[in-house]
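Trainee: what's the 3D shape of this:
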Amino acid sequence: MEPEPALKLYRGLLRWAAERGDHFEFGYEPSMYDITDDVARFQALGQVAGVSPQSCTNTVVVRGRLSEPFVVEMTRQGAPDRAAAGDESPVDFIVIYSGERALYVSYDYGTVQTMDLTDSEVESLRQDLAHLGVESWRVVPL
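Mentor: Numbering: from 1, shown residues only. Model (predicted):
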């Protein structure tokens, strides 16, 4: 996928999910960032929950309640220069929950994005993306 449509899709999916979810968790590896302000901004979004047990790196996990500052921070810049994959997301992974359901999941700095949606949510998402100029075929129900 070309960079611009991929970035529009990432931002559209994340914002859509954040408007419908209630809490999040994301992970980042501190050594990926040259600017320590990036790490401080990430940590200010929620509570540091520790280091991910599923990671072979030192991925720090942050959990919190969804808010506009979360959306702004997750869409203000792309992946750090040292990221091995992806360009869209500033962090390694993001999970947005609606209750216990993982509504939105992004891995590898936005390379992989999945959503757990009802049929009506798929239709709502497609309408929102069309409004942003993202083709609806990019959303594929499984």
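Trainee: Now do the helix-or-strand element of the chain with minimal mean pLDDT: which elements does it pack against?
Mentor: Least confident helix or strand of the chain, by mean pLDDT, DSSP states H and E, is strand 47-51 with a mean of 84. Other elements packing on strand 47-51 under the criterion 3 or more Cβ pairs under 8 Å, 6 or more residues apart in numbering; DSSP states H and E are strand 60-65. C-beta here means a position set from N, CA and C on the backbone, and glycine is covered the same way.
Trainee: and the strand it packs on with strand 47-51, angle?
Mentor: In terms of direction (axes from the mean of the first three to the mean of the last three Cα atoms, to 10 degrees), strand 60-65 departs from strand 47-51 by 150 degrees.
Trainee: circling back: paired strands for the least confident helix or strand of the chain, with orientation please.
Mentor: Next to strand 47-51 in the sheet, as set by DSSP bridges, lie strand 60-65 (antiparallel).
Trainee: Could you write out the alpha-carbon coordinates of the longest helix belonging to the chain in PDB?
Mentor: Counting by DSSP state H, the longest helix found in the chain is helix 3-20. These are the backbone C-alpha positions of helix 3-20, laid out as PDB (Å, rounded to 0.1, in the frame of the first residue of the first chain):
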ATOM      1  CA  PRO A   3       2.400   5.600   2.100                       C
ATOM      2  CA  GLU A   4      -0.400   8.200   1.900                       C
ATOM      3  CA  PRO A   5      -3.400   5.800   1.700                       C
ATOM      4  CA  ALA A   6      -1.800   3.600   4.400                       C
ATOM      5  CA  LEU A   7      -1.400   6.600   6.700                       C
ATOM      6  CA  LYS A   8      -4.900   7.800   6.100                       C
ATOM      7  CA  LEU A   9      -6.200   4.300   6.700                       C
ATOM      8  CA  TYR A  10      -4.200   3.900  10.000                       C
ATOM      9  CA  ARG A  11      -5.400   7.300  11.300                       C
ATOM     10  CA  GLY A  12      -9.000   6.700  10.300                       C
ATOM     11  CA  LEU A  13      -9.200   3.200  11.900                       C
ATOM     12  CA  LEU A  14      -7.500   4.400  15.100                       C
ATOM     13  CA  ARG A  15      -9.700   7.400  15.500                       C
ATOM     14  CA  TRP A  16     -12.900   5.400  14.700                       C
ATOM     15  CA  ALA A  17     -12.000   2.800  17.200                       C
ATOM     16  CA  ALA A  18     -11.000   5.300  19.900                       C
ATOM     17  CA  GLU A  19     -14.400   7.000  19.500                       C
ATOM     18  CA  ARG A  20     -16.100   3.700  20.300                       C
END
